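S.K.: would you be able to build a 3D model of this:
(chains A, B, C and D)
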Protein chains: 2
Amino acid sequence: MLERIHLEILNAIKDHGTLTKAADSLYLSQSALSHSIKKLEGQIGTAIWKKEGRNLRLTAAGERIQTLANRVLPQFSHTELLLNQIAKGEMGSLRIGMECHPCYQWLLRVIQPYLLQWPDIDMDVKQEFQFGALGALLNYEIDVIITPDPLFKPKIDYIPVFDYEHRLVVSATHELAKQDFVLPEQLSDEVLFTYPVEPQRLDIFSQFLMPAKCSVKKHKLIETTEIMLQMVAAGRGVCALPGWLVDEYAKTMPIKSLRFGEKGIAKQIFVGLRKDEQNIDYFKDFIAQAKKTK
Amino acid sequence: MLERIHLEILNAIKDHGTLTKAADSLYLSQSALSHSIKKLEGQIGTAIWKKEGRNLRLTAAGERIQTLANRVLPQFSHTELLLNQIAKGEMGSLRIGMECHPCYQWLLRVIQPYLLQWPDIDMDVKQEFQFGALGALLNYEIDVIITPDPLFKPKIDYIPVFDYEHRLVVSATHELAKQDFVLPEQLSDEVLFTYPVEPQRLDIFSQFLMPAKCSVKKHKLIETTEIMLQMVAAGRGVCALPGWLVDEYAKTMPIKSLRFGEKGIAKQIFVGLRKDEQNIDYFKDFIAQAKKTK
DNA sequence: ATTAATCAATGAGTTTTGTTCATGGTTAGT
DNA sequence: ACTAACCATGAACAAAACTCATTGATTAAT
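M.R.: The predicted model follows:
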């Protein structure tokens, strides 16, 4: 069978002219190369070179092998380089799965310095999953998951990276804007905007409205945070978002946020990863960076 | 060092799922593969796979190697095939892919003297491709492509081999036969025959009718040049073909050709081949012969 | 809950392959 | 003709790759 060594030999002959020098460059004896090619010739049934004077001239077969060598050897060494980087932990990929729509802005701030620190790490952010982000993590489609509600599994570890309060957002001119907090029944006449996910996964339902057996006048689905807040600012309805996010938008938009109930809804963002990958440097650093970013 | 066998192993695992089956497919023992990879792991300093349950899962390093395998192994086997052919005295093969229906007649004239000159070259002409002729070229299914519209790729070189004019063909008794050239609007009441390919790939549409926002009364698809011209000769419609081809048929059929617009549509036929194979003698000669043939 | 089956890892022993050494033959330059 | 530069070859040795037999882990079946 045609092996890498055969390609290396022909390549070295191309570079150094003679078999002897080629042998030196490969740290082998001239005899070794000669034997090696002789054997291959026996296998493929045709000569690879012929002696011409005291040098070698490649046959058609030899030229074919050389063409293959030119194409293929650089790829071998490139891969070996990459493997080396991987071994040193300098390289790899960080595929992030997001299960938290509004966290995207926060993630951008995490990623920015991280990319500078790990220039050779290939990064990718995914937001849609056929079998859920957790499934994707277990399936090796992603490496890291960012979620506000960790679903514990034996092979996954979650690390809390920051705390925030989930708050109701209303227009600055809304009646409720005068209050510090809102009660479930005060929403019964409101239009509520949420991201398009199942209600039981929305805290405003599971932790606020449903326990009090209240509901809203209408529930509308909106995909993007910007549009959602535009609608709220225009007084068309209310929505529920992380406090820090609202604070940011409140600088430029006529919106206000208030606590859910007297105690508010406290939330945490978790980074989840596969247990056995916890001590890989560039994963650890990602978590460190995430914890640092508010 | 990363060897072909390592690539074969990862490739076989991809194909057969387990190490045991992979070993069978390579006619080796499971133990051999395990040892072989273990040794490589020691050399590169990182794991290639890890056991998960009773199966294997590739690490980042393993995936790298697999990508290399995908890229490189087909090239090895392709070269081995060629070497085999050379050994059998076939000297090599020239597999021609055609992307230009009417060029077939021309190709026959190229091949005729070429076959005499290279009696040991195995020749084959293909006209249908699952992923396009270019894909076939990149995939080593063919060695040469003949096309009027070269799609430039870094690894492919195109050499123009002859110029011709794309012309409208009408029956000798057709009104238009009196004219030297035709205008787009003059076709609005005609039946147009073309080969069954997407209209945007037909020059009569992309370079003549569509720019003038004109169309034809009816567009019918016909597979073969002969039948197409029979239809045109019978006054059933018009078609667009290379000038030289029409000239030939016009000797025995009542047809005439005329220019598209005042300036006509100028075309070129290109021969495309893989860059690193350009200096193989029997390829060079094929191109020389193609350039010579009008 | 046992048992059986599947699958990968490991160590020892054997076979195969690769390498060197020593040598001989051929060519080109002096 | 002599010498230096090359490549080929065979035998001896060294290294590697491979197999066999076993172990350990996991999963599926009874």
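
S.K.: going by C-alpha atoms from here, please, whenever you check contacts or count neighbours.
M.R.: Will do.

S.K.: residue contacts, A:Ala23?
M.R.: With contact set as Cα atoms under 8 Å, 6 or more residues apart in numbering or on different chains, A:Ala23 has these partners: A:Ile9, A:Ala12, A:Ser29, A:Gln30, A:Ala32, A:Leu33.

S.K.: grab the nearest non-local neighbour of the fifth one.
M.R.: Spelled out, it's A:Ala32. Once its chain neighbours are removed from consideration, A:Ala32 has its nearest residue in A:Ala23; the separation is 7.9 Å (Cα to Cα, 6 or more residues apart in numbering or on different chains).

S.K.: what about that neighbour, which SS state?
M.R.: Under the three-state scheme (DSSP: H, G, I helix; E, B strand; the rest coil), the conformation of A:Ala23 reads as helix.

S.K.: next structured bit after the helix or strand harbouring A:Ala69?
M.R.: Counting by DSSP states H and E, the element that carries A:Ala69 is helix A:60-87. Secondary structure here is assigned by DSSP H and E; on that basis, the next helix or strand after helix A:60-87 toward the C-terminus is strand A:92-98.

S.K.: so what's the gap between the following helix or strand past that next one and the chain middle?
M.R.: Past strand A:92-98, heading to the C-terminal end, the next element that is a helix or strand (DSSP H and E) is helix A:104-117. Once both centres are worked out by Cα atoms, centre = their mean, to the nearest Å, helix A:104-117 turns out to sit 12 Å from its chain's centre.

S.K.: what of stretch A:248-255?
M.R.: Averaged C-alpha coordinates place stretch A:248-255 at 30 Å from its chain's average position (Cα atoms, centre = their mean).

S.K.: and the average pLDDT for it is what?
M.R.: Stretch A:248-255 comes out with an average pLDDT of 94.

S.K.: ok, residues contacting that stretch?
M.R.: Under Cα under 8 Å, 6+ apart, the answer for stretch A:248-255 is A:Val169, A:Val170, A:Ser171, A:Ala172, A:Thr173, A:Val232, A:Ala233, A:Val246, A:Lys256.

S.K.: and for stretch A:265-277?
M.R.: Residues outside stretch A:265-277 that contact it (Cα under 8 Å, 6+ apart) are A:137-138, A:143-150, A:155-167, A:207, A:259, A:283, A:287.

S.K.: buried stuff in it?
M.R.: Within stretch A:265-277, the residues that qualify as buried by neighbour count (16 or more other Cα atoms under 10 Å in any protein chain shown) are A:Ile265, A:Gln268, A:Ile269, A:Phe270, A:Val271, A:Gly272, A:Leu273, A:Arg274.

S.K.: do I have it right that A:Ser188 meets A:His219?
M.R.: No: between A:Ser188 and A:His219 there is no contact, the gap being 10.9 Å when judged by Cα atoms under 8 Å.

S.K.: quick one on the thing from earlier: among the contacts of stretch A:248-255, who's most crowded?
M.R.: Neighbour counts for the contacts of stretch A:248-255 (other Cα atoms under 10 Å in any protein chain shown) peak at A:Val169, which has 28 neighbours.

S.K.: got a list of what the closest residue to that one other than its chain neighbours touches?
M.R.: Spatial nearest neighbour of A:Val169, excluding adjacent residues (Cα to Cα, 6+ apart): A:Ser257 at 4.4 Å. When contacts are counted by Cα under 8 Å, 6+ apart, A:Ser257 is found next to A:Arg167, A:Leu168, A:Val169, A:Val170, A:Ala177, A:Gly243, A:Val246.

S.K.: farthest-separated two in those residues?
M.R.: The widest separation within these, taken as Cα to Cα, falls between A:Ala177 and A:Gly243 and amounts to 14.6 Å.

S.K.: which single residue in the stretch 101-250 of chain A comes nearest to chain B?
M.R.: When scored by Cα to the nearest Cα, the stretch 101-250 of chain A has A:Tyr140 as its residue closest to chain B, at 9.5 Å.

S.K.: tell me, how many residues neighbour that residue?
M.R.: Neighbour number of A:Tyr140 under other Cα under 10 Å is 14.

S.K.: then A:Ile222?
M.R.: 16.

S.K.: need the contact list for it.
M.R.: With contact taken as Cα under 8 Å, 6+ apart, A:Ile222 is in contact with A:Phe193, A:Thr194, A:Tyr195, A:Pro196, A:Met228.

S.K.: can you name the two of the residues you listed that are farthest apart?
M.R.: Taking Cα to Cα, no two of these sit farther apart than A:Pro196 and A:Met228, at 11.6 Å.

S.K.: near chain B, which residues of chain A?
M.R.: Counting by Cα under 8 Å from any Cα of the partner chain, the residues of chain A lying close to chain B are A:2-4, A:44-46, A:60-61, A:64-65, A:67-68, A:72, A:75-76, A:79-80, A:82-84, A:86-87, A:92-93.

S.K.: circling back: anything in the helix holding A:Ala69 near DNA strand D?
M.R.: No: using Cα under 7 Å from any atom of the strand, helix A:60-87 never reaches DNA strand D; the gap is at least 12.4 Å.

S.K.: tell me the mean pLDDT over that helix?
M.R.: In the prediction, helix A:60-87 has an average pLDDT of 91.

S.K.: mind listing what's buried along that helix?
M.R.: Buried residues in helix A:60-87, defined by neighbour count with 16+ other Cα under 10 Å: A:60-70, A:72-73, A:76, A:79-80, A:82-87.

S.K.: between that helix and strand A:92-98, how big is the angle?
M.R.: Our comparison of helix A:60-87 with strand A:92-98, counting by axes from the mean of the first three to the mean of the last three Cα atoms, to 10 degrees, yields an angle of 60 degrees.

S.K.: chain center to helix A:60-87, what's the gap?
M.R.: In terms of Cα atoms, centre = their mean, the centre of helix A:60-87 is found 29 Å from the chain centre.

S.K.: helices or strands up against that helix?
M.R.: Using 3 or more Cα pairs under 8 Å, 6 or more residues apart in numbering or on different chains; DSSP states H and E as the contact test, the elements touching helix A:60-87 are helix A:4-16, helix B:30-44, helix B:60-87.

S.K.: which among the ones you listed is found nearest to A:Gly97?
M.R.: With Cα to Cα, the closest approach to A:Gly97 among the helices and strands packed on helix A:60-87 belongs to helix B:60-87: 17.9 Å.

S.K.: quickly check: that closest one near DNA strand C or not.
M.R.: No: using Cα under 7 Å from any atom of the strand, no contact is recorded between helix B:60-87 and DNA strand C, whose separation bottoms out at 12.3 Å.

S.K.: partners of the helix or strand hosting A:Phe193, with directions?
M.R.: A:Phe193 is part of strand A:191-194 when elements are defined by DSSP H and E. According to DSSP bridges, the neighbouring strands of strand A:191-194, each with its direction, are strand A:218-221 (parallel), strand A:238-242 (parallel).

S.K.: buried residues, the shortest one. List them.
M.R.: In this case it means strand A:218-221. Within strand A:218-221, the residues that count as buried by 16+ other Cα under 10 Å are A:His219.

S.K.: nearest to chain B, of the contacts of A:Ala23?
M.R.: Among the contacts of A:Ala23, A:Ile9 lies closest to chain B (Cα to the nearest Cα), at 14.1 Å.

S.K.: isn't the closest one right up against A:Ala22?
M.R.: Yes: the pair A:Ile9 / A:Ala22 is scored as a contact, 6.9 Å apart, by Cα under 8 Å.

S.K.: so what sits opposite the most centrally placed residue in chain A in the bridge?
M.R.: Nearest to the mean C-alpha position of chain A, counting by Cα atoms, centre = their mean, stands A:Arg95 at 1.6 Å. Legend: beta-bridge partners of A:Arg95 under DSSP bridges are A:Asp124.

S.K.: what pLDDT is listed against it?
M.R.: For A:Arg95, pLDDT reads 91.

S.K.: surely it and A:Val144 touch.
M.R.: Yes: the criterion here is Cα under 8 Å, and A:Arg95 meets it with A:Val144 at 6.3 Å.

S.K.: pLDDT value on A:Trp106, please?
M.R.: A:Trp106 is given a pLDDT of 89.
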